[in-house]
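**Student:** My questions are about this predicted structure, shown below with the sequence.
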Amino acid sequence: MTFTSPVTASIRFLLISFRRAISLWSTAFLALAVLVSMIALPPLTVSAQTAAGDSAAGAALKRALDSSSRPATDKDRDRYRHPFETLTWFGLKPDMTVVEIWPGGGWYTEILAPYLKQNGKLYAAVAPGENTAAYRKKLAGDSADYGKVVVTALDPPAKLELAPPGSADMVLTFRNVHNWMRRGYAEDVFKAMYRALKPGGTLGIEEHRGDPARAQDPKAASGYVREDYVIKLAADAGFAFVGGSEINANPKDTKNYPQGVWTLPPTLRLKDVDRSKYEAIGESDRMTLKFVKPIKIAGRS
């Protein structure tokens with residue numbers, strides 16, 4: 001019979017325990033390393049893909065802006081309207097379904113239509129009146145760029161379907177809110193834009209920005225609208241305010257002219273009266289606001 005001293009037994013026990021601890025720690029460390037790699041790697045991959053996608057989208061937008069089909073007079077206004085920065089900030093992507101509200105002469109359509117024609121879709125919700133005929137003629141004259149544009153009508157109260165309900169990723173409107181206020185149906189238009197968007201879709205608004213120290217004329221006769229007034233119109237229709245950008249700000253604009261905002265370029269309604277003064281101011285100070293149609297989760301109010 002072999003006799004083992006208490007000291008020897010204790011040492012042996014400690015060695016066995018130490019080996020087991022090392023084994024357990026090694027296994028735990030390996031598992032942790034695998035878990036960290038699983039968590040860490042996908043975001044890096046997604047970020048790389050996102051960056052590549054954003055770069056390609058930006059390059060496509062630049063091509064649309066630089067296209068020879070855009071008149072030189074329209075390109076000259078890029079310095080006031082900052083279309084690349086504005087559309088990028090709104091989050092425009094080439095595979096989106098977009099609705100442009102009251103496109104006027106088509107200044108933004110010249111950019112949006114070629115940008116979206118391959119992978120996206122553009123609805124143009126036109127206004128009533130003779131400008132619409134000129135706009136349709138413009139589209140018909142260049143089927144390569146405008147052949148896929150779907151023309152709808154916004155003429156409240158009879159015509160309010162801008163696009164199939166819940167179909168749009170983005171709705172855009174540029175300097176039109178004052179027109180709807182003058183006609184007394186701004187609330188109806190905001191509701192129509194809400195209906196056209198998918199849940200999670202974006203509403204982008206650019207508008208002549210009024211002086212917050214002055215009471216808002218509900219008819220916006222000067223063409224200027226207070227920013228808080230627009231935000232409330234959108235909120236009342238169900239939109240959530242995401243934020244504003246100073247991309248199109250103009251601190252030179254004092255907003256108190258004889259013919260309202262139309263005193264400034266490009267309209268220059270006073271013609272040669274103080275023309276150099278108003279040309280030095282440039283186009284109006286503009287708010288650039290982003291809203292989202294909230295995603296409603298079942299079971300939550």
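**Tutor:** Looks like it came in fine.

**Student:** Pick out the residue closest to the middle of this structure.
**Tutor:** Geometric centre of the chain, nearest residue: F90, 1.9 Å, by C-alpha atoms, centre = their mean.

**Student:** Can you report phi and psi for that residue?
**Tutor:** Backbone geometry at F90, expressed as degrees, to the nearest 10, gives phi -70, psi -20.

**Student:** so who does it touch?
**Tutor:** M170, L172, T202, G204, K290 (C-beta atoms under 8 Å, 6 or more residues apart in numbering). Yep, even glycine has a C-beta here, placed from its N, CA and C like the rest.

**Student:** On the three-state scheme, the first one is what?
**Tutor:** State at M170, reduced to three classes by DSSP: H, G, I helix; E, B strand; the rest coil: strand.

**Student:** before we move on, which element is the nearest residue to G91 once chain neighbours are set aside in?
**Tutor:** Nearest residue to G91, sequence neighbours excluded (C-beta to C-beta, 6 or more residues apart in numbering): T202, at 5.7 Å. In the assignment (DSSP states H and E), T202 maps to strand 197-208.

**Student:** what's the pLDDT at G129?
**Tutor:** With respect to pLDDT, G129 has a value of 85.

**Student:** and the next element down the chain from the helix or strand hosting T73?
**Tutor:** Assigning secondary structure by DSSP H and E places T73 in helix 72-76. The first helix or strand that comes after helix 72-76 along the chain, using DSSP H and E, is helix 78-81.

**Student:** what about the strands in the chain?
**Tutor:** Using DSSP state E, the strands of the chain run over 97-101, 121-126, 150-153, 168-174, 197-208, 240-245, 286-292.

**Student:** strands paired with the longest one, and their directions?
**Tutor:** The reference is to strand 197-208. Its sheet considered, strand 197-208 pairs with strand 168-174 (parallel), strand 286-292 (antiparallel) by DSSP bridges.

**Student:** can you check the third one too?
**Tutor:** The sheet places strand 150-153 alongside strand 121-126 (parallel), with pairing taken from DSSP bridges.

**Student:** can you list the residues that contact the partner strand?
**Tutor:** With C-beta under 8 Å, 6+ apart as the criterion, strand 121-126 contacts 96-103, 109, 112-113, 116, 132, 135-136, 139, 148-154, 162-163, 168.

**Student:** do stretch 264-282 as well
**Tutor:** 77, 80, 250, 252-254, 257-259, 261-263, 283-284.

**Student:** for stretch 156-165, same thing?
**Tutor:** 97, 99, 101, 123, 125, 150, 152-154, 168, 171, 183, 185, 188-189, 191-193, 195-196.

**Student:** Show me which positions of stretch 231-238 end up buried.
**Tutor:** Using 16 or more other C-beta atoms under 10 Å as the test for burial, stretch 231-238 gives I231, L233, A234, A237, G238.

**Student:** I'd like to know how far the third one sits from T86.
**Tutor:** So that's A234. 17 Å (C-beta to C-beta, to the nearest Å).

**Student:** ditto for E279
**Tutor:** For E279 relative to T86 (C-beta to C-beta), the value is 22 Å.

**Student:** So for those two, which sits in the more crowded spot?
**Tutor:** T86 (21 against 13; other C-beta atoms under 10 Å).

**Student:** The more buried one contacts I247, doesn't it?
**Tutor:** Yes: shown here, T86 and I247 form a contact pair, counting by C-beta atoms under 8 Å, at 5.5 Å.

**Student:** Overlap of the contact sets of these two?
**Tutor:** What both T86 and I247 touch, as defined by C-beta under 8 Å, 6+ apart, is the set T288.

**Student:** Wait, G243 touches T288, no?
**Tutor:** No: using C-beta under 8 Å as the test, G243 is too far from T288 to be in contact (9.6 Å).
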